[in-house]
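Engineer: Got a sequence here, can you build the structure:
(one chain, ligands or ions: 1)
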Amino acid sequence: MRRIVVIGFGPVGGRFVEGMLPAVRAGSVELTVIGAEQDDVYNRVMIAEHAVGRAAREVLDLPGAAAAIDAGARIRLGEAAVAIDRRLQVVRTSTGDRIGYDHLVFATGARANIPTLYGMEKARRHRLTRALSPETLDRGEHALPRGVTALRDLVDAARVASAVRAGRRIVVLGAGVLGLEVALAAREQGAEVVVVYTGGIPMGRNLDDDGGRMLARAARAAGVEMLPHSIAESIVTRTGADGSARFDALVCADGKLVHGDLLLLSVGASPRVELAAAADLAVSTGILVDDRLQSWSDPAVFAIGDCAHVAAPGTARPDGYVGGGPSGLIGPGWRQADALSARLSDATLDAVPFADRPAVVALKADEVDLVAGGVVDASPWDEEPHAASCADQRQVTQWLDPARGAYVKMVTRGGVLEGFVSVGMPRAGAELTLLFERGGELPADRSVLLRLDADDAGATLSGDPFAPDATLCWCNGVTVERIGEAVAAGADTVECVGRTTRAGTGCGGCKGRITELIARSGVLTAGA
Ligand SMILES: Cc1cc2nc3c(=O)[nH]c(=O)nc-3n(C[C@H](O)[C@H](O)[C@H](O)COP(=O)(O)OP(=O)(O)OC[C@H]3O[C@@H](n4cnc5c(N)ncnc54)[C@H](O)[C@@H]3O)c2cc1C
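Structural biologist: A predicted model of the protein is given here:
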């Protein structure tokens, strides 16, 4: 019996465990899972929806501890792995227990970043500081001041939920995709929201200038106050009725005071690598693994999900830096979990190299439809003097209609999409996502894409978003054909389709298209 120990019971660790259960039931694997959170595994991607009251707690449920325990796995919740002895192949936990392994899987994920602000320095932790208990896993010497929170787990979600329910004023620090999602959702649920960010545009890592401006405009139209070019420096606290200090205002470098009842930190996340680093495993941004998800330093060790940095061994610069890093997205993490559980379930199987698809970022918001991927900051006027021929030159096509809140940018080389931005153009966005995923060629007349969203849209392209091999659910990699089969077999709601195929059970951004697909097949059946 091979002993496998998993550290971390987040959505990716949970998916790995699910994939291992047949081997556990068959008695070929002894599986132990160490999870620092008290809660059973849940879908973290939906945490913002849950925090603002749009998704009940049960909606976040994933196949969890009960099924695993039933199959014979040992699940240790509320316990942290605190040290690893690789020579003896033993993990020590916060309770003092020592657990032996043949294979060790890191699924330790990422923690929310705490910015450097006067007034909360002691809440910051050094990225390589090892925690000795689940409670100190993500915090420095002190907890965050009252009225300040990140949004990463159910405890954070409860803090945000009470502010939203009471219609309080929420100051969101950071305008990345998560900051924007929660700002829009909280505003829609009645909270007063202001977003403070350093750059000139929101989602500056994913969007070009015009796309960012369109998004800022849509957020303002939805009632969110947007404060660009604002460098937060410190927080001011006030003394509450119970005598304790709580957040009062954020102070910016230009002297501006941004008052609020809750400060929501949304300044990115960092992979939890400290345990691996202390065990002398190679780490850079994340835990370094090859395309078989196996540690650069130890063949008995693997990493998946938000903590895994997939890169070819030997590509470190002299200063130790390795390019790339964890994607921070659930889809790649779930695919890694599936690939690794298939391999570790059957010791005779050869490892299949893990190759990921190009990442596409979609904003989950009712107010604005936004999707972007690849190279987005190229300008139509950039010149590439070294390109061998005209066909090799990068081409950039843009269309901007501020009055309608619509913007599309397509960056191509040799007709093939290298990057795109689509705001307020759901059909064009879906089509471009599909073409980007497939490396498909764009039509010479790019305006065909714009007409997809016209009121009298009849236009279709060769890359039909409902073609059988088109990926409909990106988080779970489920195609139109697979969903069609489930619908034909009787799955007539989005939930049923999700139970059979997993489609729609990640970020939920594809649920509209699943509904459309179910409706289409209804029409087809009726007409047949
Ligand atoms: C608000 C929000 C919205 C998001 N939206 C999207 C989205 O729309 N699309 C998308 O693709 N992704 C989204 N994400 C990202 C997605 O949630 C992550 O990619 C995903 O959670 C990664 O899963 P994971 O299991 O690798 O890590 P995590 O979810 O971080 O889980 C890791 C687990 O390991 C535990 N752990 C860590 N160290 C130890 C230890 N030493 N001992 C024991 N346990 C340990 C942690 O407590 C945690 O439970 C979102 C994230 C957030 C916070």
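
Engineer: Report whether D338 is found in a helix, as I expect.
Structural biologist: Yes: secondary structure of D338 (DSSP: H, G, I helix; E, B strand; the rest coil): part of a helix.

Engineer: what about it, neighbour count?
Structural biologist: 18 (other C-beta atoms under 10 Å). Where you see a C-beta, it was placed from the backbone N, CA and C, and this is true even at glycine.

Engineer: In space, what's closest to it - neighbours in sequence excluded?
Structural biologist: G19 (5.9 Å; C-beta to C-beta, 6 or more residues apart in numbering).

Engineer: any idea whether I114 is helix, strand or coil?
Structural biologist: Three-state call for I114 (three-state DSSP): coil.

Engineer: give me the number of residues near the closest residue to it other than its chain neighbours?
Structural biologist: Leaving out its chain neighbours, the residue that sits closest to I114 by C-beta to C-beta, 6+ apart is R124, at 4.7 Å. Look at R124: counted by other C-beta under 10 Å, it has 17 neighbours.

Engineer: I'd like to know how far R124 sits from R111.
Structural biologist: 11 Å (C-beta to C-beta, to the nearest Å).

Engineer: Enumerate the residues of the stretch 201-350 of the chain near the ligand.
Structural biologist: R272, L275, G305, D306, G328, L329, I330, G331, G333 (C-beta under 6 Å from any ligand atom).

Engineer: which of these lies closest to V5?
Structural biologist: L275 (12.2 Å; C-beta to C-beta).

Engineer: Provide a list of residues in contact with that closest one.
Structural biologist: L275 makes contacts with I7, A81, V82, A83, I84, F106, T108, R130, as judged by C-beta atoms under 8 Å, 6 or more residues apart in numbering.

Engineer: before we move on, which element is it in?
Structural biologist: helix 274-278 (DSSP states H and E).

Engineer: Next secondary structure element downstream of that helix?
Structural biologist: strand 287-289.

Engineer: residues in contact with that following strand?
Structural biologist: Contacts for strand 287-289 (C-beta under 8 Å, 6+ apart): 106, 271, 273, 276, 281-282, 295-297, 302-303, 307-311, 313, 316, 322.

Engineer: Drop anything exposed from these.
Structural biologist: Buried members of these, scored by 16 or more other C-beta atoms under 10 Å, are 106, 271, 273, 276, 281-282, 295-297, 302-303, 307-311, 316, 322.

Engineer: In helices, which of those residues fall?
Structural biologist: A276 (DSSP state H).

Engineer: Strands - which of the buried ones among the contacts of strand 287-289 land there?
Structural biologist: Within these, residues falling in strands by DSSP state E are F106, P271, F302, A303, A308, H309, V310.

Engineer: pretty sure the second one is touching V310, no?
Structural biologist: The reference is to P271. No: shown here, P271 and V310 do not form a contact pair, counting by C-beta atoms under 8 Å, at 12.0 Å.

Engineer: C-alpha coordinates for the helix or strand harbouring L31, PDB please?
Structural biologist: Using DSSP H and E, L31 falls within strand 29-35. Extracted in PDB, the C-alpha atoms of strand 29-35 (Å, rounded to 0.1, in the frame of the first residue of the first chain):
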ATOM      1  CA  VAL A  29      -3.300   3.700  -1.500                       C
ATOM      2  CA  GLU A  30      -3.400   4.900   2.100                       C
ATOM      3  CA  LEU A  31      -4.400   8.600   1.900                       C
ATOM      4  CA  THR A  32      -4.000  11.200   4.600                       C
ATOM      5  CA  VAL A  33      -5.100  14.900   4.100                       C
ATOM      6  CA  ILE A  34      -4.000  17.700   6.400                       C
ATOM      7  CA  GLY A  35      -6.200  20.800   6.000                       C
END
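
Engineer: what's next to the next helix or strand after that strand, contact-wise?
Structural biologist: Where DSSP H and E defines the elements, the next helix or strand beyond strand 29-35 is helix 47-51. With C-beta under 8 Å, 6+ apart as the test, helix 47-51 has contacts from 55-57, 59-60, 151-154, 156-158, 160-161, 164, 178, 181-182, 185-186, 364, 508.

Engineer: Which ones among those map onto helices?
Structural biologist: Among the contacts of helix 47-51, the members found in helices (DSSP H) are L154, D156, A157, A158, V160, A161, V164, L178, E181, V182, A185, A186.

Engineer: Burial check on the closest residue to the ligand within the stretch 251-400 of the chain, number of neighbours?
Structural biologist: Residue nearest to the ligand within the stretch 251-400 of the chain (C-beta to the nearest ligand atom): G305, separated by 2.3 Å. If you count neighbours by other C-beta under 10 Å, G305 ends up with 31.

Engineer: Spell out the residue ranges of the helices in the stretch 101-250 of the chain.
Structural biologist: With DSSP state H, counting those that start in this stretch as the criterion, the stretch 101-250 of the chain has helices at 154-165, 177-188, 209-221.

Engineer: Make CSV from those and add mean neighbour count and mean pLDDT to it.
Structural biologist: Shown next, in CSV, are the helices of the stretch 101-250 of the chain (neighbours: other C-beta atoms under 10 Å; pLDDT from 0 to 100):
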stretch, mean neighbour count, mean pLDDT
helix 154-165, 18, 96
helix 177-188, 25, 96
helix 209-221, 20, 96
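
Engineer: Export those helices as CSV, with columns for distance to W399.
Structural biologist: Compiled in CSV, the helices of the stretch 101-250 of the chain are given as follows (distance: least, C-beta to C-beta, whole Å):
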stretch, distance to W399
helix 154-165, 36
helix 177-188, 22
helix 209-221, 10
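
Engineer: for the stretch 401-528 of the chain, what are the low-confidence residue spans?
Structural biologist: 455-465, 522-528 (pLDDT under 70).

Engineer: give me phi/psi at A279?
Structural biologist: phi -90, psi 10 (degrees, to the nearest 10).

Engineer: confidence score at it?
Structural biologist: Listed pLDDT for A279 reads 98.

Engineer: Pretty sure it sits against R86.
Structural biologist: Yes: under the criterion of C-beta under 8 Å, A279 makes contact with R86 at 5.6 Å.

Engineer: neighbour count winner among these two?
Structural biologist: A279 (21 against 17).

Engineer: if we can go back for a sec, so which of the ones in helices among the contacts of helix 47-51 comes closest to A347?
Structural biologist: For the ones in helices among the contacts of helix 47-51, the nearest to A347 is L154 (36.4 Å; C-beta to C-beta).

Engineer: What's the local residue count around the residue in the stretch 401-528 of the chain that the ligand sits nearest to?
Structural biologist: Here the stretch 401-528 of the chain gets closest to the ligand at one residue, C507, 3.5 Å apart by C-beta to the nearest ligand atom. Applying other C-beta under 10 Å, we find 21 residues neighbouring C507.

Engineer: what about the spatially closest residue to it that is not a sequence neighbour, distance to D306?
Structural biologist: Distances taken as C-beta to C-beta, 6+ apart put V45 closest to C507, at 4.8 Å, once the chain neighbours are dropped. From V45 across to D306, the span is 11 Å (C-beta to C-beta).

Engineer: higher neighbour count, those two?
Structural biologist: D306 (28 against 19).

Engineer: residue contacts, the more buried one?
Structural biologist: D306 touches G10, V12, G109, A110, A269, P271, G286, P326, G328, G333, counting by C-beta under 8 Å, 6+ apart.

Engineer: Just put those in a markdown table and tack on distance to V396 and pLDDT.
Structural biologist: Shown next, in a markdown table, are the contacts of D306 (distance: C-beta to C-beta, whole Å; pLDDT from 0 to 100):
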| residue | distance to V396 | pLDDT |
| --- | --- | --- |
| G10 | 39 | 98 |
| V12 | 36 | 98 |
| G109 | 36 | 98 |
| A110 | 33 | 98 |
| A269 | 31 | 96 |
| P271 | 33 | 98 |
| G286 | 32 | 97 |
| P326 | 29 | 94 |
| G328 | 27 | 93 |
| G333 | 32 | 96 |
